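> what follows is a protein structure lacking sequence information:
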């Protein structure tokens, strides 16, 4: 079985502070990590590999620095890694990114399963997986939590409007893994060194994938940022427990938390 | 006299082009139980406002829905409603649903297609956007219209909602967007609004390749605390294991997880994975209920990015109160007991 996992390298959101009053975004600590949902997807692929044996190919699209993300994937247990990196790809929008990834995955054919993260923690994007399924003509299962292989069919536990449901699909298929799926393993120290010393990350350019400049023209523009109002500090109330519980519940209802 | 300039100013050629151009705003709705979902109603209200700005129609789309749901869409602002039907559309399957909607979009040529950011919208919108090589804005917090460019302005959350970015795609049509349920205001219904409900039947849709097997009954691994949406945190102020148990029950009812402070860990009430603060996890939940937590700086650093913080403590001078959205000066255990009781009595 061949599994392609698409991963994206992002700036760690924990290292970024947003000052709503001054309407500024501060990057306190510039650390690049694998997008959490994508890391869960990688973990799901490696679990399938552990249980049934599989060749796991990590694929990323990004700056040359994304090499580190792919080395991390290799250290975790991926068998090979491909980085699509090209100056021509800088500043591309979500539709273009999905198209470029789809081209690269086609080039990696034959494959049985394509895995991707459901959402991007930085841009909040929630469309690459669905777009890939359409572009590759694959059936899709989104918001997956657990994957298992039963005969030739993939059994998936997924979230549907917040509730876990079961789904089954025959391969080849695309599965998008939820960031709520089991967290990823830590790579073994020796494997980390190995990933840098002995393993290779292939680099593909726009030309390798036969992409033309017209295809890469971005069509989405930003009209600036909006900052939600700064959090207002609430009141302190005092009274008998029953009344206090009522106060709490009415706040929860107002904020639509229940 | 050369009138070309005047003619082009009045849009002579563009008038002819407008016949084939993309126009109208479509809303792909969802039905639950007795009628449209609240998010669908709100989306129709928003679509109506935007359609008025553009001078176009609002058209609703429903899959295998009763006529009454179509009429309800009209009362909330739709001018025409398409009820898509046919073999394969009885229950959700992404391929036939996407195919039916794609054919409808091809013949109707809407300029904007809106979905709720629910599982249905999340499955359909990216597939359709990819098929039409169109832009898609996901989980929008608000929508607007750039009237000069006749394009959708989408406010999308960044960094999990820390701030928003306004995006626009000036040239590509149709434009797709999914809107986060619950962020748009609920509109008023006008039962006397006029509109038409059309049934559209498809008879050769592809079969769905994904089998939906119903709810999953087995246990799921708990997501890590750092990604939990709701956290109930206990400190020494809950007094004993009984208080911790009440907090655990409250967390379960709110679909969240239990966490604790250093003090709770020392008492043996929580495990090390459940410790929140500088020495433990950093969390960013939508709701954090701190029960009997004093609010030492080591703890507060771990919860700085909480959206809504509720603190219950007997000490009115507790350090946590200045940070709380709602501070409650009372015995945490007693309040927890009341909360559990009240949540039992009111169905969610």
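Good, I have the coordinates. From a predicted model like this one, the values you see are computed outputs, not experimental measurements. Residues are numbered from 1 along each chain as shown, chains lettered A, B, ... in the order given.
> tell me which residues are up against the helix or strand residue A:56 falls within.
Using DSSP states H and E, residue A:56 maps to strand A:55-61. With Cβ atoms under 8 Å, 6 or more residues apart in numbering or on different chains as the test, strand A:55-61 has contacts from A:1-9, A:42, A:45-46, A:49, A:66, A:69-70, A:73-74, A:77-85, A:89, A:97, A:100-101, A:104-105, A:108, A:111. From N, CA and C alone the C-beta is placed, and that goes for glycine too.
> what residues sit buried inside that strand?
Buried residues in strand A:55-61, counting neighbours by 16 or more other Cβ atoms under 10 Å in any protein chain shown, are found at A:56-61.
> show me which of the contacts of strand A:55-61 neighbour chain B.
Among the contacts of strand A:55-61, no residue sits close to chain B (Cβ under 8 Å from any Cβ of the partner chain).
> looking at those, which are in helices?
A:42, A:45-46, A:49, A:69-70, A:73-74, A:97, A:100-101, A:104-105 (DSSP state H).
> can you flag the buried ones in the residues you listed?
Using 16+ other Cβ under 10 Å, the buried members of the ones in helices among the contacts of strand A:55-61 are A:42, A:45-46, A:49, A:69-70, A:73-74, A:97, A:100-101, A:104-105.
> tabulate those residues (a markdown table), appending pLDDT and distance to residue B:85.
Output for these, formatted as a markdown table (pLDDT from 0 to 100; distance: Cβ to Cβ, whole Å):
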| residue | pLDDT | distance to residue B:85 |
| --- | --- | --- |
| A:42 | 96 | 41 |
| A:45 | 96 | 39 |
| A:46 | 96 | 43 |
| A:49 | 96 | 43 |
| A:69 | 95 | 46 |
| A:70 | 96 | 47 |
| A:73 | 95 | 45 |
| A:74 | 95 | 50 |
| A:97 | 94 | 36 |
| A:100 | 95 | 38 |
| A:101 | 96 | 35 |
| A:104 | 96 | 39 |
| A:105 | 96 | 35 |
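> from residue B:57, how far out is residue B:28?
Remark: distance between residue B:28 and residue B:57 (Cβ to Cβ, to the nearest Å) = 15 Å.
> so those two - more neighbours on which side?
residue B:28 (27 against 17; other Cβ atoms under 10 Å in any protein chain shown).
> where does chain A dip in pLDDT?
Where chain A drops to pLDDT under 70, the residues are A:231-232.
> with adjacent residues omitted, what lies nearest to the closest residue to chain A within the stretch 101-250 of chain B?
Residue of the stretch 101-250 of chain B nearest chain A, by Cβ to the nearest Cβ: residue B:126 (2.6 Å). Nearest non-adjacent residue to residue B:126, counting by Cβ to Cβ, 6 or more residues apart in numbering or on different chains: residue A:130, 2.6 Å away.
> so what's the one you found up against?
The contact partners of residue A:130, by Cβ under 8 Å, 6+ apart, come to A:140, A:142, A:176, B:122-123, B:125-127, B:129-130.
> now, which of the residues you listed sits nearest residue A:31?
Residue A:31 lies nearest to residue A:176 out of the contacts of residue A:130, by Cβ to Cβ, at 25.0 Å.
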